[in-house]
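J.: fold the stuff below for me.
(2 chains)
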Amino acid sequence: AQTVTQSQPEMSVQEAETVTLSCTYDTSESDYYLFWYKQPPSRQMILVIRQEAYKQQNATENRFSVNFQKAAKSFSLKISDSQLGDAAMYFCAYRRPEGGATNKLIFGTGTLLAVQP
Amino acid sequence: DTGVSQNPRHKITKRGQNVTFRCDPISEHNRLYWYRQTLGQGPEFLTYFQNEAQLEKSRLLSDRFSAERPKGSFSTLEIQRTEQGDSAMYLCASSRLGGELFFGEGSRLTVL
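T.: Numbers count the residues shown, from 1 in each chain, chains lettered A, B, ... in the order given. Below is the predicted model:
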């Protein structure tokens, strides 16, 4: 069974600085998708960034980028120029590709990010 | 596009009572998912529908839980004979086939 592990329950960063959130996963599949979701307090979860396992190039979305290490099964999120609005719970998630036996997202336990002014 | 809507947002009930949550997905989305999230944990998959068909159910979904999506639009999640361990946030999400999941704000259940 696939698992997702986030070993940092809480992280803190100064405004305008850079922070990296860690995620490791376990799977025997060669093709899959990885995601980072953001859940602000009392707000719905939104997708931050996604990575297809078959793509070697790391995904980037504005200030958010990932470091995808397929062999190490590692998928970290880097937030550059941190802003107060980045404060939230961040979840790493895994999903099999379309057409597989299941299409559910498997989530890690989350990292609570605080941004200090 | 008004997003995924969940009702009620908060529900407080006594142990042993039945509760029902409703999810209205984004209108053109044919997939609908239910997740449960407890404090300090990531969301755990419960079940998902493609149109009106329930295609997968987690073992977390005991026989006290039932979900329906009768016309392939809105969905309901019913919990019968609630227990204190059912206290959690129940999240609904919808997507197109192979597309991004859009989540609702969740329905928080407190069982006294």
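
J.: for chain A, which segments count as strands?
T.: Under the criterion DSSP state E, strands of chain A are mapped to A:3-5, A:10-14, A:19-21, A:24-26, A:33-39, A:46-52, A:60-61, A:64-69, A:74-79, A:88-95, A:106-107, A:111-116.

J.: ok, which of those strands comes nearest chain B?
T.: With CB to the nearest CB as the measure, strand A:106-107 is the member of the strands of chain A nearest chain B (3.3 Å). The way it works is simple: take the backbone N, C-alpha and C, and place the C-beta from them, glycine included.

J.: which helices and strands sit right next to the closest one?
T.: Other helices and strands packing on strand A:106-107, by 3 or more CB pairs under 8 Å, 6 or more residues apart in numbering or on different chains; DSSP states H and E, are strand A:3-5, strand A:88-95.

J.: strand partners of that strand, parallel vs antiparallel please.
T.: strand A:88-95 (antiparallel) (DSSP bridges).

J.: run the chain-centre distance for the partner strand.
T.: 5 Å (CA atoms, centre = their mean, to the nearest Å).

J.: do me a favour and average the pLDDT over that strand.
T.: In this model, strand A:88-95 has an average pLDDT of 96.

J.: which other residues reach it?
T.: Under the criterion CB atoms under 8 Å, 6 or more residues apart in numbering or on different chains, residues A:2, A:4, A:6, A:21, A:23, A:25, A:27, A:32-41, A:45, A:48, A:75, A:77, A:103-108, A:110-113, B:42-43 lie in contact with strand A:88-95.

J.: spit out the contact partners of residue B:72.
T.: B:30, B:49, B:51-52.

J.: at 6 Å what do you get?
T.: Residues near residue B:72 by CB atoms under 6 Å, 6 or more residues apart in numbering or on different chains: B:51-52.

J.: per-residue pLDDT, it?
T.: 84.

J.: in three-state terms, label the residue nearest the centre of chain B for me.
T.: Nearest residue to the geometric centre of chain B (CA atoms, centre = their mean): residue B:34, 3.6 Å. Here residue B:34 is strand, with the state taken from DSSP: H, G, I helix; E, B strand; the rest coil.

J.: so what's it up against?
T.: Contacts for residue B:34 (CB under 6 Å, 6+ apart) come out as B:46-47, B:67, B:77, B:92.

J.: spatially nearest residue to it (excluding sequence neighbours)?
T.: Nearest residue to residue B:34 in three dimensions, chain neighbours excluded: residue B:46, at 4.3 Å (CB to CB, 6 or more residues apart in numbering or on different chains).

J.: for that neighbour, which residues are in contact?
T.: B:34, B:36, B:58, B:60-61 are the contacts of residue B:46 under CB under 6 Å, 6+ apart.

J.: what's the helix or strand for it?
T.: In the assignment (DSSP states H and E), residue B:46 maps to strand B:44-50.

J.: thanks a lot, see you next time.
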